[in-house]
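Engineer: Test case, fold it:
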Amino acid sequence: MRQRRYPSDTTHAEWALLEPLLPEPACETRAGGRPEKHPRREIVDAIRYVVDTGCKWRALPADFPPWRTVWGFMARWAACGVIGQIRDHLSGRIRREMGKGPRAVATVIDSQSVRAAETVGRDSRGYDAGKRINGRKRHMVVDTRGLPLLVMVTPASLTDRDAAKELLFRLRLMHPEITIVWADSAYAGKLVTWAKSYLSLTIKTVSRPKDASGFIVLPRRWVVERTWAWMMHARRHARDYERLVQHSETLITWAAITLMTRRLTRKGPRTSWSKKATVKQ
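Structural biologist: Here you go, the predicted structure:
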């Protein structure tokens, strides 16, 4: 085992949470398979290093497993749905610790346009005229505590209403218990009627006050905006570098998983700087 030296490395407590959620190695199944050469903790640490620092896959430090091995595990776990299962398990555990039910009933939806690197093909990128961004658009659904439930990546040229049909359809299949979705005015119009008729989902829009100027915190919508800020702490997401949209969605989910494991393993209550300053006085 290599020495832990990077901020993105898993702690012993985090690994105790993640290890049971990963799929069983092939060599331990009835079908059998070749034993894995590298410890899975090092694979997870390497994925988290790429997400946290934003480095190229080929630029992984030498103390990690080979980058092709790490990338292969990332792609296979994403294809078989393991990453989504880990996300849902951790979010449910956090909700239970907060005294809530493990599954959310009310959610918030929003999108974010980001520039795409030259590694992103023309078939999966577009131009967002409103934001003046050539790249991709990320769509996210979170619960009322800001915990991500679903992420979808599309070309930036796709409008929020059009993308929301696919996103909400996936949401209904994965979380049939959800009844209400809060959104901004970009999701108003025919989408509200369509969601009610075909998905039994109620979309409630929160509009910005007409007389408001400058930055203003809007009810409900601030929750998902805060989640976007959390995701952007991972430098990989400052721009979209992934050739495939499913890999982009996976790495965003990995950032959410890191956030939730650290939250679950945090020792002691979290104290704000303002409270610390008051105590010293």
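
Engineer: Helix or strand for the most centrally placed residue in the chain, just tell me which one.
Structural biologist: Nearest to the mean C-alpha position of the chain, by C-alpha atoms, centre = their mean, lies residue 253 at 3.3 Å. Element membership for residue 253 (DSSP states H and E) is helix 245-264.

Engineer: in that helix, what counts as buried?
Structural biologist: 245, 247-261 (16 or more other C-beta atoms under 10 Å). Just so you know, the C-beta spots here come from the backbone N, C-alpha and C atoms, and that holds for glycine as well.

Engineer: Residue 101: what's it in contact with?
Structural biologist: residue 95 (C-beta atoms under 8 Å, 6 or more residues apart in numbering).

Engineer: hang on, residue 153 in a strand?
Structural biologist: Yes - assessed with DSSP: H, G, I helix; E, B strand; the rest coil, residue 153 lies in a strand.

Engineer: right, and it touches residue 136 too?
Structural biologist: Yes - under the criterion of C-beta atoms under 8 Å, residue 153 makes contact with residue 136 at 5.5 Å.

Engineer: what residues are shared contacts of those two?
Structural biologist: With C-beta under 8 Å, 6+ apart as the test, residue 153 and residue 136 both reach 240, 245, 248.

Engineer: Output those in a markdown table; the columns should cover pLDDT.
Structural biologist: As requested, those are arranged in a markdown table below (pLDDT from 0 to 100):
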| residue | pLDDT |
| --- | --- |
| 240 | 96 |
| 245 | 95 |
| 248 | 96 |
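
Engineer: Restrict the helix holding residue 253 to CA atoms and write it as CSV.
Structural biologist: This file holds the C-alpha atoms of helix 245-264, laid out as CSV (Å, rounded to 0.1, in the frame of the first residue of the first chain):
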residue,chain,number,x,y,z
VAL,A,245,-21.1,12.5,-21.6
GLN,A,246,-21.6,9.4,-19.4
HIS,A,247,-18.1,9.8,-18.1
SER,A,248,-18.7,13.5,-17.4
GLU,A,249,-21.8,12.5,-15.4
THR,A,250,-19.8,9.9,-13.5
LEU,A,251,-17.0,12.2,-12.4
ILE,A,252,-19.6,14.8,-11.2
THR,A,253,-21.1,12.0,-9.1
TRP,A,254,-17.7,11.1,-7.8
ALA,A,255,-17.3,14.7,-6.5
ALA,A,256,-20.7,14.3,-4.8
ILE,A,257,-19.6,10.9,-3.3
THR,A,258,-16.4,12.5,-1.9
LEU,A,259,-18.5,15.3,-0.4
MET,A,260,-20.9,12.9,1.3
THR,A,261,-18.2,10.5,2.7
ARG,A,262,-16.4,13.4,4.3
ARG,A,263,-19.6,14.7,5.7
LEU,A,264,-20.4,11.3,7.2
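
Engineer: Start at 30, not 1
Structural biologist: Got it, first residue is 30 now, which makes that one helix 274-293.

Engineer: what's it packed up against?
Structural biologist: Using 3 or more C-beta pairs under 8 Å, 6 or more residues apart in numbering; DSSP states H and E, the elements in contact with helix 274-293 are helix 41-47, helix 69-82, helix 96-108, helix 111-126, strand 162-172, strand 177-184, helix 250-260.

Engineer: Could you save the ones you listed as TSV and add columns showing mean pLDDT?
Structural biologist: Compiled in TSV, the helices and strands packed on helix 274-293 are given as follows (pLDDT from 0 to 100):
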stretch	mean pLDDT
helix 41-47	95
helix 69-82	96
helix 96-108	95
helix 111-126	94
strand 162-172	96
strand 177-184	96
helix 250-260	92
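
Engineer: Now mean neighbour count too, for those, in JSON lines please.
Structural biologist: Listed next are those as JSON lines, based on neighbours: other C-beta atoms under 10 Å:
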{"stretch": "helix 41-47", "mean neighbour count": "16"}
{"stretch": "helix 69-82", "mean neighbour count": "21"}
{"stretch": "helix 96-108", "mean neighbour count": "17"}
{"stretch": "helix 111-126", "mean neighbour count": "17"}
{"stretch": "strand 162-172", "mean neighbour count": "23"}
{"stretch": "strand 177-184", "mean neighbour count": "22"}
{"stretch": "helix 250-260", "mean neighbour count": "18"}
